[in-house]
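Student: The following block contains a protein sequence and its predicted model.
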Amino acid sequence: MAAATSAPPLDGATAVPQLSWSIPGLAEDPSMCLRCRSAQMLCGRPVCPILIRYEAFAKTMPMVGSAHLDGSSPPGVFVGRYGYPKVSVGPLVSPLHGDTLLYDTPEDWVGKSVSEVVGFRTMLVRGTHKVRVQEADRPDRYVESLQTLALSAASVEAEAQFRRPPRGHLALSESTPPYGPSAPIERLRLDVRKVDQSLERLSGDTDALAMTAVHELYDRGVKVSRIQRAFSAGTLGRRGHRILVPTRWSITAVDDILGKQNLENIRDLPHLSEYRVYPYTALDNRWLLVLLPGAYRYESIEAWYPSTLWNPDPHNLVMIGDHEWHRGRKTYASIGGCYYAARLATSEALLRIGRQAGVLVLREVHPGEILPLGVWNVREHVRAALQTTPFRFSELASLREKIRETFAIPLERWLAQSALLHDARTQRRLEEFGEPAA
């Protein structure tokens, strides 16, 4: 079951005010930003979120000052969720010409700073047009052009006419990457010259289930972000059953589908016989990925420092986690898409080493987490961590010491939160008696 706890203050933690979505305490002290002006960092952030947004838009808005936009799509397609089943759908178009593939390829964002990610995401102008999700099955010219865009293997030259000049609003979500200005779109012209052959073939297979198509594309090595885009644009599935899927939902759906497929293969593998520990730091997040001896089970725990993005409390840290045992879970994880993104990444690592094991994902979020960047932040950084050389231990005591030295949060709090660590401390396994594991 999911569990969320509010813990006492960290030793030495400084109480700082908090922003609304990005600046803690602004509601309590409306003059805070005016008094600070990014010089004193009164909100406790190491970098000013307002300046990051401003600097990104300062580069983009002069390029999109009119209702006409001529540029390049990464390619990118966005499907909204408000008003479902009638939602806003449109292309993501940059005012720049040429190769903008990086702007919508999260697999290549590891090592980028928050400013860099926000910078090139605000370069993507979102066109919006209301359509019913069922129109993916019998698309009009507009929806068909977006579906073709979703199958593209390279950046696409695009020309868009909007009802009004795009407005400078940075759309932020825990699930999806940021997006830049948007406006209702009236006309769209795309020059798609090269499509991904695997995506095109599965799009043309109207007898294959969407889940089957997702599996096959992944097995062929198609990037997860491209599968998610094609899934969202309603290009996969059986005739009569294709629909547009909101981008936020499609990301987690594909992570979940692929993770479950991997786990079906993992459960037949030999058991890991040691502890493997992978520490990692990125974007002011501290990670510890742990593979535990024995059969497959999985847990993901997040610990948010006071006055971090999703913890506005200036005094207390908050820990939240979900877990599943060998046969998986049937209810949706309370921590949302991050749970499924990390599960996919860790399942890939288990297949790579040819072992099943317990999997523990520990994430300590520090105040540098100033903007929500999307669940790619979890999937890709867990992938990156599991590509490093692990520490190897034969005893649980060594793992406990590694947790203690990696995190600022005391070990006792992780032990109190974790179902898998409690199980490892209290349950003896067949291997300990020299018998083969079941």
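Tutor: Sure thing, it's come through. Numbers count the residues shown, from 1 in each chain.
Student: where do the strands sit along this protein?
Tutor: 3-6, 68-73, 77-79, 86-93, 125-132, 156-162, 182-191, 275-282, 285-292, 297-304, 318-324, 358-365, 391-393 (DSSP state E).
Student: got JSON lines for those strands, with distance to Tyr340, mean pLDDT and mean neighbour count too?
Tutor: Every residue, glycine included, has its C-beta placed from N, CA and C. Below are the strands of the chain laid out as JSON lines (distance: least, CB to CB, whole Å; pLDDT from 0 to 100; neighbours: other CB atoms under 10 Å):
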{"stretch": "strand 3-6", "distance to Tyr340": "18", "mean pLDDT": "47", "mean neighbour count": "14"}
{"stretch": "strand 68-73", "distance to Tyr340": "27", "mean pLDDT": "95", "mean neighbour count": "20"}
{"stretch": "strand 77-79", "distance to Tyr340": "19", "mean pLDDT": "96", "mean neighbour count": "27"}
{"stretch": "strand 86-93", "distance to Tyr340": "22", "mean pLDDT": "97", "mean neighbour count": "24"}
{"stretch": "strand 125-132", "distance to Tyr340": "25", "mean pLDDT": "95", "mean neighbour count": "20"}
{"stretch": "strand 156-162", "distance to Tyr340": "29", "mean pLDDT": "97", "mean neighbour count": "20"}
{"stretch": "strand 182-191", "distance to Tyr340": "27", "mean pLDDT": "95", "mean neighbour count": "17"}
{"stretch": "strand 275-282", "distance to Tyr340": "19", "mean pLDDT": "98", "mean neighbour count": "19"}
{"stretch": "strand 285-292", "distance to Tyr340": "16", "mean pLDDT": "97", "mean neighbour count": "22"}
{"stretch": "strand 297-304", "distance to Tyr340": "9", "mean pLDDT": "96", "mean neighbour count": "24"}
{"stretch": "strand 318-324", "distance to Tyr340": "10", "mean pLDDT": "94", "mean neighbour count": "22"}
{"stretch": "strand 358-365", "distance to Tyr340": "11", "mean pLDDT": "97", "mean neighbour count": "25"}
{"stretch": "strand 391-393", "distance to Tyr340": "26", "mean pLDDT": "98", "mean neighbour count": "15"}
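Student: do you know which of those strands lies nearest Ser250?
Tutor: Smallest distance to Ser250 across these (CB to CB): 7.3 Å, for strand 77-79.
Student: The closest one pairs with which strands, parallel or anti?
Tutor: Here strand 77-79 has these sheet partners by DSSP bridges: strand 86-93 (antiparallel).
Student: circling back to that earlier point, mind putting the strands of the chain into CSV with distance to Glu116?
Tutor: As requested, the strands of the chain are exported to CSV (distance: least, CB to CB, whole Å):
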stretch, distance to Glu116
strand 3-6, 32
strand 68-73, 18
strand 77-79, 21
strand 86-93, 17
strand 125-132, 19
strand 156-162, 23
strand 182-191, 21
strand 275-282, 13
strand 285-292, 16
strand 297-304, 23
strand 318-324, 28
strand 358-365, 20
strand 391-393, 30
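Student: Ok, which of those strands comes nearest Trp376?
Tutor: The nearest among the strands of the chain, by CB to CB, is strand 275-282 at 11.9 Å.
Student: got a list of contacts for that closest one?
Tutor: 110, 286-293, 357, 381, 384-386, 388, 390-396, 398-399, 402, 406 (CB atoms under 8 Å, 6 or more residues apart in numbering).
Student: do that again at 6 Å, thanks
Tutor: Applying CB atoms under 6 Å, 6 or more residues apart in numbering, the external contacts of strand 275-282 come out as 287-291, 381, 385-386, 388, 390-393, 399, 402, 406.
Student: can you check stretch 296-309 too?
Tutor: So stretch 296-309 is contacted by 13, 16, 18, 24, 44, 266-267, 310-311, 313-315, 317-321, 323-326, 339, 342-343, 356, 358-367, 369, 409, 417, 419-420 (CB under 6 Å, 6+ apart).
Student: Quick one: end-to-end length of that stretch, please.
Tutor: 32 Å (CA to CA, to the nearest Å).
Student: Then stretch 219-239?
Tutor: 23 Å.
Student: same deal with stretch 366-386?
Tutor: Stretch 366-386: ends 21 Å apart by CA to CA.
Student: beta partners of Val89?
Tutor: Beta bridges link Val89 to Val79, His129, judged by DSSP bridges.
Student: Where does pLDDT dip in the chain?
Tutor: 1-65, 168-175, 178, 428-438 (pLDDT under 70).
Student: hmm, try it at 80
Tutor: Where the chain drops to pLDDT under 80, the residues are 1-65, 167-180, 307-314, 368-372, 427-438.
Student: can you list the domain ranges for it.
Tutor: 62-266, 275-433 (automatic domain parsing).
Student: any idea how far Asn377 is from Val277?
Tutor: 21 Å (CB to CB, to the nearest Å).
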